[in-house]
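Chemist: No sequence on hand, only this structure:
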């Protein structure tokens, strides 16, 4: 532990590895709303926030659990769900008249093609302007879940018992995993046709 009259205790949230205050200050000084992306073990959470002296104010939000309203029956935490959640938030943000934002991924280390950038692509496809390098965005094939459908088809041919065990969540919801891309297209159309992201 540091000692002496010049020693300054690090902020509690920085000590707990929850907030990078230097980055947060830079984002606040930009004067633009922040697109905040966070993940739990099961869901994707996206919020558009703006800073004020009394704390952050949430302008719009979306959770991948809400995709159920639009017919989504696959996982709520995969890349496809992340994209659709971003698309849903983008629709809601445009409905309240906001057109620009900056991405806030917290302390998560950026990795090209990661779920956080799937959310970003969904928001951008909805029409919101968020500065980014397009090389970090996941491919259309990965967003639509083609890799999952292909893998499911391979496992189904090799071992039906393993297939039913590994994709039990999908099957219990009545979803044919090998047709995941068609299901994704259907749900994306439902989200895009919704007014302000709501039915």
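Modeler: All right, it came through fine. Just so we're clear, the structure is a prediction, and the values are computed from it rather than from any experiment.
Chemist: make it CA atoms for all contacts and neighbour counts henceforth
Modeler: OK.
Chemist: Beyond the lowest-mean-pLDDT helix or strand in the chain, next helix or strand please.
Modeler: Least confident helix or strand, the chain: helix 12-15 with a mean of 73, by mean pLDDT, DSSP states H and E. Following helix 12-15 in sequence order, the next helix or strand is helix 21-29 (DSSP states H and E).
Chemist: how about the least confident helix or strand of the chain: buried residues?
Modeler: Of all the residues in helix 12-15, not one is buried under the rule 16 or more other Cα atoms under 10 Å.
Chemist: Please tell me how far residue 54 sits from residue 86.
Modeler: 27 Å (Cα to Cα, to the nearest Å).
Chemist: thinking again about what came up before, now find how far off-centre the least confident helix or strand of the chain is within its chain.
Modeler: 25 Å (Cα atoms, centre = their mean, to the nearest Å).
Chemist: got a list of what residue 177 touches?
Modeler: 148-149, 152-153, 167, 170-171 (Cα atoms under 8 Å, 6 or more residues apart in numbering).
Chemist: distance of it from residue 156?
Modeler: 10 Å.
Chemist: can you list contacts of the least confident helix or strand of the chain?
Modeler: 19-21.
Chemist: Are any of these buried, and if so which?
Modeler: Counted by 16+ other Cα under 10 Å, these give no buried residue.
Chemist: of those residues, closest to residue 73?
Modeler: residue 19 (34.0 Å; Cα to Cα).
Chemist: is it true that residue 124 touches residue 134?
Modeler: No - the criterion here is Cα atoms under 8 Å, and residue 124 misses it with residue 134 at 10.7 Å.
Chemist: If you count surrounding residues, which of those two has more?
Modeler: residue 124 (19 against 11; other Cα atoms under 10 Å).
Chemist: Next one: the more buried one, what pLDDT does it get?
Modeler: Here the pLDDT value assigned to residue 124 is 97.
Chemist: How about residue 196?
Modeler: 59.
Chemist: now swap in residue 31 and tell me
Modeler: So residue 31 comes in at 86 (pLDDT).
Chemist: how close does it get to residue 113?
Modeler: 28 Å.
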